[in-house]
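**Student:** let me see the structure of the following:
(one chain, ligands or ions: 1)
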Amino acid sequence: MRVLVVTAVAAEARSVAAGLVGCAARASRPLPSGHTVTRHLLTGHTLARLTGPAAPAVDVLAGGVGPAAAAVGAATALATAPYPYDLVISAGIAGGFVPRAPLGSLVVADAIVAADLGADTPDGYVAVEELGFGRSVHVPPPELTARCADAVASSGHRTLTAPVLTVSTVTGTAARAAELTARHPRAGAEAMEGYGVAEAAAAHGVPAVEIRAVSNAVGPRDRAAWRIGDALDALRAAFQPLSSGVFLEDS
Ligand SMILES: O=C(O)c1cccc(C(=O)CC[C@H]2O[C@@H](n3cnc4c(=O)[nH]cnc43)[C@H](O)[C@@H]2O)c1
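**Tutor:** Just a heads-up that it's a prediction; the model follows:
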């Protein structure tokens, strides 16, 4: 199986790559300026175990912050890689809807939702499909979501399977958090790239999933309460069982 993982920033890409024990390293062809590609190199021990046609190849791309940058990065990688991908993963840190997704926990998306792609009206928010344009939700194949969630949970980190919202503006007030919760009562996390990655993957006919590690609570802005290091550690832990489990299946 060939997998493209799209993070926003290099620190996230490094955490993902650090967790990819035993995956063959491949670099995408050069991408537009501002994009970086992290190669994950095989260690001697796992190289021996995984060399051969069945070894999974995982490319990790830091495509930038926000849905537009993520879509451009993912679409460019999908269009220019010298081989087709079987799976695209949007991965990184996120705000968690506490208490469902506490700091340091992991969220595997069962829906990737553009939560602010629509219109504000006197009667409330109207999603883009209600306006007659496109869609605001991508549903990853449920069986794939379940396999990813099982693997991620085996990392020992608390894992929730739930919708992950994509926003262009980070939530910073209790009122906005309440509004999002009212519209998406099951939401587990909020981040800024998943929907862009999912749109790019859909355009190329490739399934997409989203995996997030919670660095902060969705709600009133409190930078002192962020736990980015803990979230990056959880992200690395999440990709370790994925690389030896899901990525190897159906190779
Ligand atoms: O300045 C702030 O108050 C603030 C609060 C949380 C996150 C940010 C960022 O600029 C990080 C954006 C980056 O990280 C992901 N992320 C992490 N936490 C959240 C969140 O609560 N809501 C949305 N995105 C978040 C996101 O995917 C970006 O890649 C600033």
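
**Student:** burial check on G124, number of neighbours?
**Tutor:** By other Cβ atoms under 10 Å, 11 other residues sit near G124. Where you see a C-beta, it was placed from the backbone N, CA and C, and this is true even at glycine.

**Student:** just P82 next, same as before
**Tutor:** 7.

**Student:** same thing with P122?
**Tutor:** Each residue near P122 was counted by other Cβ under 10 Å, and the total is 4.

**Student:** how near is it to the ligand?
**Tutor:** Distance of P122 to the ligand, given as Cβ to the nearest ligand atom, to the nearest Å: 27 Å.

**Student:** got the contact list for S155?
**Tutor:** By Cβ atoms under 8 Å, 6 or more residues apart in numbering, the contact set of S155 is 106, 234, 237-238, 240-241.

**Student:** what about those, which are in strands?
**Tutor:** Using DSSP state E, L106 are the members of those that sit in strands.

**Student:** which PyMOL command selects the buried ones in the contacts of S155?
**Tutor:** The buried residues among these can be selected in PyMOL (16 or more other Cβ atoms under 10 Å) with this line:
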select buried, resi 106+234+237+238+240+241
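
**Student:** can you tell me the helix or strand for the residue in the stretch 1-150 of the chain positioned nearest to the ligand?
**Tutor:** The minimum distance from the stretch 1-150 of the chain to the ligand, using Cβ to the nearest ligand atom, falls at G95 (2.2 Å). G95 is part of strand 87-96 when elements are defined by DSSP states H and E.

**Student:** count of neighbours near the residue of the stretch 1-150 of the chain closest to the ligand?
**Tutor:** G95 has 26 neighbours, counted by other Cβ under 10 Å.

**Student:** what about the closest residue to it other than its chain neighbours, distance to A101?
**Tutor:** In space, and not counting its chain neighbours, G95 is closest to V218: 4.0 Å by Cβ to Cβ, 6 or more residues apart in numbering. In this structure, V218 and A101 are 9 Å apart, going by Cβ to Cβ, to the nearest Å.

**Student:** common neighbours of those two, please.
**Tutor:** Contacts common to V218 and A101, judged by Cβ under 8 Å, 6+ apart, are A189.

**Student:** OK, contacts around the residue nearest to I228 when sequence neighbours are not counted?
**Tutor:** Sequence neighbours aside, S215 is the residue nearest to I228 in space, at 4.8 Å (criterion: Cβ to Cβ, 6+ apart). Counting by Cβ under 8 Å, 6+ apart, S215 touches 93-95, 103, 226-228, 230-231.

**Student:** scan the residues you listed and report the most crowded one.
**Tutor:** A94 (31 neighbours).
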